[in-house]
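Chemist: Mind looking at a prediction? Sequence and model below.
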Amino acid sequence: MINNIASVLEGVTTVAIAGHVRPDGDCVGSCMGMYLYLKENYPQIQADVYLEEVPEVFHFIQDIDKAKQEWEDKAYDLFLGFDVSSIDRIGVAGRALETAKMTACIDHHITNKGLAQKNQIVPDASSTCEVLYELLEPEKMPPKPANPTGVSGKHDPQAEQLFAKAHVLWKGETCTDPEKALEYLDEALKIEPDYPQALIRRGLALSQLGYADDAFDDLTKAIRLEPSAEAYLSRGICLLQQGNTAGARKDLEEALRRDDRSYRVWNILGAVSLKEGKEQEACEAFEKACSSGDCAGIEAARREKICK
């Protein structure tokens with residue numbers, strides 16, 4: 001158990017920070033949050049953060065360009081793992097877990113049985129970010145986010161700032177305030193009409209509010225501009241919400257052609273299969289989602305006696 005982050009940092013001069021393969025928002029947020037916390041409060045510690053290619057939607061985070069995609073063969077005093085429960089899920093920084101003088105892991109997944117020498121695993125927490133926040137020293141927390149409206153430089157800065165405000169309103173596949181999200185995204189798209197990520201989020205918000213045709217138009221335009229796995233997944237979700245399982249399946253299969261390890265796609269495909277009455281296919285999809293990092297679907301299906 002870790003009482004506070006300061007106890008882990010005693011005597012440390014070098015740190016390797018790492019999350020899981022195919023990083024999601026919780027992984028990226030916790031890793032970069034720790035990196036920025038060390039940079040601000042422990043400048044004497046040399047910290048490296050290892051993350052696979054970060055989705056563009058998170059490029060507004062300060063210093064995201066400092067994340068390393070390739071292993072640097074060096075010795076570390078401390079390995080800090082976030083949102084990861086097994087060494088095969090760490091990716092390029094797995095070597096640091098094996099060679100660092102001390103290892104620690106902060107996570108909220110119940111499947112984590114103690115990856116490191118020191119562990120803080122809180123299954124009841126909403127996220128790894130929440131677990132980390134509780135370990136930080138209050139007096140060293142900034143009065144406001146270090147970079148609340150940071151931009152990646154790939155889109156109009158004002159449009160990116162509006163997009164970031166909308167994006168934080170999502171929890172998983174659901175927007176907590178779709179009307180507010182639409183306000184931000186409408187303004188962002190007035191500034192930059194061909195902003196694929198903003199079109200995707202606006203499409204999802206519109207679909208959630210029942211504006212099926214408008215949602216489909218936004219998501220189709222996003223696919224035309226940038227035919228990514230995220231875009232096809234999002235249109236698949238929209239079509240599923242409309243009851244069009246055949247269309248949803250087609251888009252989800254396109255998403256898998258672009259990223260066949262996306263647990264989000266596999267979980268939604270499992271939901272489509274259940275809607276179609278194909279329980280065996282659903283279980284196989286949920287199992288693949290679990291092997292890719294999210295076991296929520298298969299666990300729920302087992303509780304309902306759908307899958308073994």
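Modeler: Sure thing, it's come through.
Chemist: Mind telling me what element the nearest residue to Pro178 once chain neighbours are set aside is part of?
Modeler: If you skip the residues right next to it in sequence, Pro178 has Ala205 as its closest partner in space, 4.1 Å away by CB to CB, 6 or more residues apart in numbering. To be clear about C-beta, it is placed using only N, CA and C from the backbone, and glycine gets the same treatment. Applying DSSP states H and E as the criterion places Ala205 in helix 196-208.
Chemist: Quick check: the residue nearest to Pro23 when sequence neighbours are not counted vs Pro43, distance?
Modeler: In this structure, Pro23 finds its nearest non-sequential neighbour in Leu51, 5.1 Å apart by CB to CB, 6+ apart. Distance of Leu51 to Pro43, given as CB to CB, to the nearest Å: 22 Å.
Chemist: With Glu160 instead?
Modeler: For Glu160 relative to Pro43 (CB to CB), the value is 28 Å.
Chemist: Name the residue in the two with the higher neighbour count.
Modeler: Neighbours per residue (other CB atoms under 10 Å) separate Glu160 from Pro43, with Glu160 holding more: 24 against 9.
Chemist: these two touch, right, that one and Phe60?
Modeler: Yes - assessed by CB atoms under 8 Å, Glu160 is found in contact with Phe60 at 5.9 Å.
Chemist: right, and the residue nearest to Pro178 touches Cys175 too?
Modeler: Yes - the criterion here is CB under 8 Å, and Ala205 meets it with Cys175 at 5.3 Å.
Chemist: Now do the strands in this protein.
Modeler: 14-18, 46-50, 78-82, 102-107, 118-121, 170-171, 174-175 (DSSP state E).
Chemist: Give me the distance from the longest one to the chain's centre.
Modeler: Put plainly, it is strand 102-107. Taking the mean of its C-alpha atoms, strand 102-107 sits 19 Å from the chain's own mean (CA atoms, centre = their mean, to the nearest Å).
Chemist: next one: the first one
Modeler: Averaging C-alpha positions (CA atoms, centre = their mean) puts strand 14-18 19 Å from its chain's average.
Chemist: quick check: mean pLDDT across the longest helix seen in the chain?
Modeler: Using DSSP state H, we find that the single longest helix of the chain is helix 25-41. The pLDDT scores in helix 25-41 average 93.
Chemist: before we move on, what about stretch 80-90?
Modeler: Mean pLDDT, stretch 80-90: 91.
Chemist: need the helices for this structure, in chain order.
Modeler: 5-9, 25-41, 94-99, 128-135, 157-167, 178-191, 196-208, 212-225, 229-241, 245-258, 263-275, 279-291, 296-303.
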